[in-house]
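Asks: Dropping a prediction and its sequence here:
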Amino acid sequence: MKSDKKGKPASKKGGWTSSWAKILLVMVCILFAGVMIITSLGTNWLVTMKPAKTGDKVVVDVTLKDELGRPVFTTNERIYNQAVGENQVVWLANSLTLTVNGTTDDLVEPIPATISGQEMEYFAFLGPEMNQITKSLVGMKDKSTKHIEFIENPQFEQQAKVEDFEGMGGNFSTAMDDQQIIFGFTTSPMVDADGNTTPQYALRTVVLKNKTNDSITIDYGYNTADITILQLSST
């Protein structure tokens, strides 16, 4: 005798519920793993996301260039080696630690540096250059870069007569436009234990231009700076 009942397909409700449970479990595991990774990073990752603000400390790569685009000072060894290979006069220093939007009233900030592989000297970093760089750091983020054009300042040029130029150690007869030479600048004096004051000097690459029969212009200002934040420490 045949049964009048027909077979019914099995319900899929249980299967869908099981699938969603597995998906939810995977999502929870992924979320947990993400929280663990963020926790292990501490708060440093937050610093890299925030823009630099006044008072923050930064370690920066800095390259200064003259009006012809030649590097004259850099903390980047690759740029330094390339410039030396092209017979350019360039200074190499360690990365600079600066305060964001910090200012100096000194005309010259001496920076330990070497020129073309010679012994360590002090490079004459001008205070107005330093101030413009630290101001430009505001709003930058960790590992970001910026190109800065310095404000032209006629005070950074000096017209020298033949006798004055040679009194500074220059050779007027061989001097030519766009030539780079090294000049010394007096910085804040140092006082020893006996109370004697000894001037401190820093050196700087300057550019000669506008030579005439009886005078030449000495340009010791630079045109641009390229900066990169290597490390940002938020206050």
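Replies: Sure thing, it's come through. Owing to the predicted nature of the structure, the values given are computational and were not obtained by experimental measurement.
Asks: any idea whether the nearest residue to Thr54 once chain neighbours are set aside is helix, strand or coil?
Replies: Using Cβ to Cβ, 6 or more residues apart in numbering and skipping the chain neighbours, the partner closest in space to Thr54 is Asn101 (4.1 Å). All C-beta spots, glycine's among them, are computed from the backbone N, C-alpha and C. Classification of Asn101 by DSSP: H, G, I helix; E, B strand; the rest coil places it in coil.
Asks: My guess is Asn101 contacts Leu137. True?
Replies: Yes: judged on Cβ atoms under 8 Å, Asn101 makes contact with Leu137 at a distance of 6.9 Å.
Asks: Which of these two has more residues huddled nearby?
Replies: Between Asn101 and Leu137, Leu137 has the larger neighbour count (other Cβ atoms under 10 Å), namely 25 against 16.
Asks: was I right about that one contacting Val62?
Replies: No: counting by Cβ under 8 Å, Leu137 does not reach Val62; the two are 10.8 Å apart.
Asks: which residues do these two both contact?
Replies: Ile227 (Cβ atoms under 8 Å, 6 or more residues apart in numbering).
Asks: in stretch 156-170, what's buried?
Replies: Buried residues in stretch 156-170, counted by 16 or more other Cβ atoms under 10 Å: Phe156, Glu157, Ala160, Val162, Phe165, Gly170.
Asks: before we move on, what about stretch 220-235?
Replies: So for stretch 220-235, counting by 16+ other Cβ under 10 Å, buried means Tyr220, Gly221, Tyr222, Asn223, Ala225, Asp226, Ile227, Thr228, Ile229, Leu232, Ser234.
Asks: just stretch 53-62 next, same as before
Replies: For stretch 53-62, using 16+ other Cβ under 10 Å, the buried residues are Asp56, Val58, Val59, Val60, Asp61, Val62.
Asks: Surely Val108 touches Met130?
Replies: No: using Cβ under 8 Å as the test, Val108 is too far from Met130 to be in contact (9.7 Å).
Asks: and the gap between Gln132 and Asn101?
Replies: Relative to Asn101, Gln132 is positioned 11 Å away (Cβ to Cβ, to the nearest Å).
Asks: typed the wrong thing, it's Pro110
Replies: 22 Å.
Asks: Correct me if wrong: Lys50 contacts Ser234.
Replies: Yes: with contacts counted by Cβ under 8 Å, Lys50 reaches Ser234, the gap being 6.1 Å.
Asks: Quick one: residues contacting the residue lying closest to Ile115 once chain neighbours are set aside.
Replies: Spatially, and ignoring its direct neighbours in sequence, Ile115 is nearest to Trp91 (5.0 Å; Cβ to Cβ, 6+ apart). Trp91 sits next to Val72, Phe73, Thr74, Ala113, Thr114, Ile115, Phe123, Thr205 when contact means Cβ under 8 Å, 6+ apart.
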